[in-house]
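Asker: just to be clear, the model below is a prediction. Sequence and coordinates:
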Amino acid sequence: NMLESDLRKAISQNQLELYYQPQVGDDGRIVGAEALLRWEHPVKGMVSPADFIPLAEQTGLIMPIGHWVLGAACAQLMAWSNNPATAQLRIAVNVSALQFKEPNYVSQVISVLERSNVNPSLLTLELTESMLVNDVNDIITKMNALKSKGVCVSLDDFGTGYSSLNYLKKLPLDQIKIDQSFVRDMLTDEDDVTIVRTVIDLAHGMRLHVIAEGVETQAHRQFLADLGCHSFQGYLLSKPVPIGDFETILLAHN
Ligand code: G
Ligand code: G
Ligand code: MN
Ligand code: NA
């Protein structure tokens, strides 16, 4: 498989890059960013993670790639730490269920954090409900170990996967992320309104931070804010962009 052998070289040949999509708090200020992986293929150009993450998972390449993502995000946090305009910014990274399942996952995260000397509480790990096919007690143990270091744990794409309220009760989460599929038609589809409102109420009741993704219009943002959503991410503010563009947006916005 052509793409697989190319993907093997992606890290060593510096073809991977992180793009950053701003996340804003309820006062409208940018509080951080989600880091989203991009692969600049030498021939094919930009390959979407939606196309290569599944391949990376099938081949096991997700392990070195995920490790690269974490290292790059921590290096960025370190670079921001010396400037008061950026020192408080948080970065969220996506974690594949396969990575989280690794017995040494937690120690890897901790060693990357220590090596890069960043404040662990500025790092959020976005986990998905697909991890719940694995041993839930193991997941809880790992989440608690990460949280004891200060790392934040978010449940991404909430409501689209395997989660049940039973899991939501058991998992020591900090944040839930409302999937963009519910936000998209929220202003016209009453079922989506009900789902979004219920997820926000659930988050309040369980004292979790709730963030919405796919916030494309001011009307989306206002509607979500009125329901009590804490933070917002989406094309309204910016699509995912290279780090230089993110910093430009930050300076113009905050
Ligand atoms: O940025 P974009 O919308 O193209 O991302 C497509 C998908 O790829 C999303 O589901 C996103 O969570 C996933 N993705 C992006 N970056 C990473 C990453 O670093 N690791 C993993 N596991 N998934 C990622
Ligand atoms: O699965 P995850 O939530 O990590 O994926 C985030 C994906 O959503 C990224 O591919 C990103 O490009 C995309 N995205 C971010 N904001 C918006 C938005 O406002 N609208 C749409 N349609 N997609 C978005
Ligand atoms: Mn995500
Ligand atoms: Na999502």
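Answerer: Okay, I see it. Keep in mind that this is a model prediction, so the values were computed, not measured. Ligands and ions are numbered 1, 2, ... in the order given.
Asker: residue 19 looks like it's in a strand, true?
Answerer: Yes - assessed by DSSP: H, G, I helix; E, B strand; the rest coil, residue 19 belongs to a strand.
Asker: got a list of what it touches?
Answerer: 35, 36, 37, 38, 240, 241, 242 (Cβ atoms under 8 Å, 6 or more residues apart in numbering). C-beta here means a position set from N, CA and C on the backbone, and glycine is covered the same way.
Asker: is ligand 1 contacted by whichever strand or helix holds residue 53?
Answerer: Applying DSSP states H and E as the criterion places residue 53 in helix 49-59. Yes - counting by Cβ under 6 Å from any ligand atom, ligand 1 is contacted by helix 49-59 at 49, 50, 53.
Asker: what's that helix packed up against?
Answerer: In terms of contacts (3 or more Cβ pairs under 8 Å, 6 or more residues apart in numbering; DSSP states H and E), helix 49-59 is packed against helix 2-10, strand 30-41, helix 62-80.
Asker: if we go to 7 Å?
Answerer: helix 2-10, strand 30-41 (3 or more Cβ pairs under 7 Å, 6 or more residues apart in numbering; DSSP states H and E).
Asker: residues in contact with it?
Answerer: 3, 4, 7, 36, 37, 39, 62, 65, 96, 98 (Cβ atoms under 7 Å, 6 or more residues apart in numbering).
Asker: again, only using 6 Å
Answerer: Helix 49-59 has contacts (Cβ atoms under 6 Å, 6 or more residues apart in numbering) with 4, 37, 39, 62, 65, 96, 98.
Asker: quick check: closest non-adjacent residue to the first one.
Answerer: With Cβ to Cβ, 6 or more residues apart in numbering as the criterion, residue 4 has its nearest non-adjacent residue at 5.6 Å, and that residue is residue 59.
Asker: same question, the fourth one
Answerer: Counting by Cβ to Cβ, 6+ apart, residue 56 is the residue found nearest to residue 62 once chain neighbours are left out, at 4.2 Å.
Asker: gap between that neighbour and residue 64?
Answerer: Going from residue 56 to residue 64 by Cβ to Cβ, to the nearest Å gives 9 Å.
Asker: quick one: which of those two has more around it?
Answerer: residue 56 (22 against 14; other Cβ atoms under 10 Å).
Asker: ligand 3 versus the more buried one, what's the distance?
Answerer: 16 Å (Cβ to the ion, to the nearest Å).
Asker: tell me which helix or strand of this structure sits lowest on mean pLDDT?
Answerer: helix 165-170 (a mean of 89; mean pLDDT, DSSP states H and E).
Asker: how about that helix as PDB, C-alpha atoms only?
Answerer: C-alpha atoms of helix 165-170 as PDB (Å, rounded to 0.1, in the frame of the first residue of the first chain):
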ATOM      1  CA  LEU A 165     -25.300   7.800  31.000                       C
ATOM      2  CA  ASN A 166     -23.900   5.000  33.100                       C
ATOM      3  CA  TYR A 167     -20.400   5.700  31.600                       C
ATOM      4  CA  LEU A 168     -20.800   9.400  31.900                       C
ATOM      5  CA  LYS A 169     -21.400   8.900  35.600                       C
ATOM      6  CA  LYS A 170     -18.400   6.700  36.000                       C
END
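Asker: surely residue 120 and residue 147 touch.
Answerer: No - shown here, residue 120 and residue 147 do not form a contact pair, counting by Cβ atoms under 6 Å, at 9.5 Å.
Asker: what's the local residue count around the closest residue to ligand 1 within the stretch 151-254 of the chain?
Answerer: Of all residues in the stretch 151-254 of the chain, residue 240 sits closest to ligand 1, at 5.2 Å by Cβ to the nearest ligand atom. By the criterion of other Cβ under 10 Å, residue 240 has 19 neighbours.
Asker: quick one: the residue nearest to residue 38 when sequence neighbours are not counted from ligand 1, how far?
Answerer: Residue nearest to residue 38 in three dimensions, not counting chain neighbours: residue 17, with 4.8 Å by Cβ to Cβ, 6+ apart. Per Cβ to the nearest ligand atom, to the nearest Å, residue 17 is found 11 Å from ligand 1.
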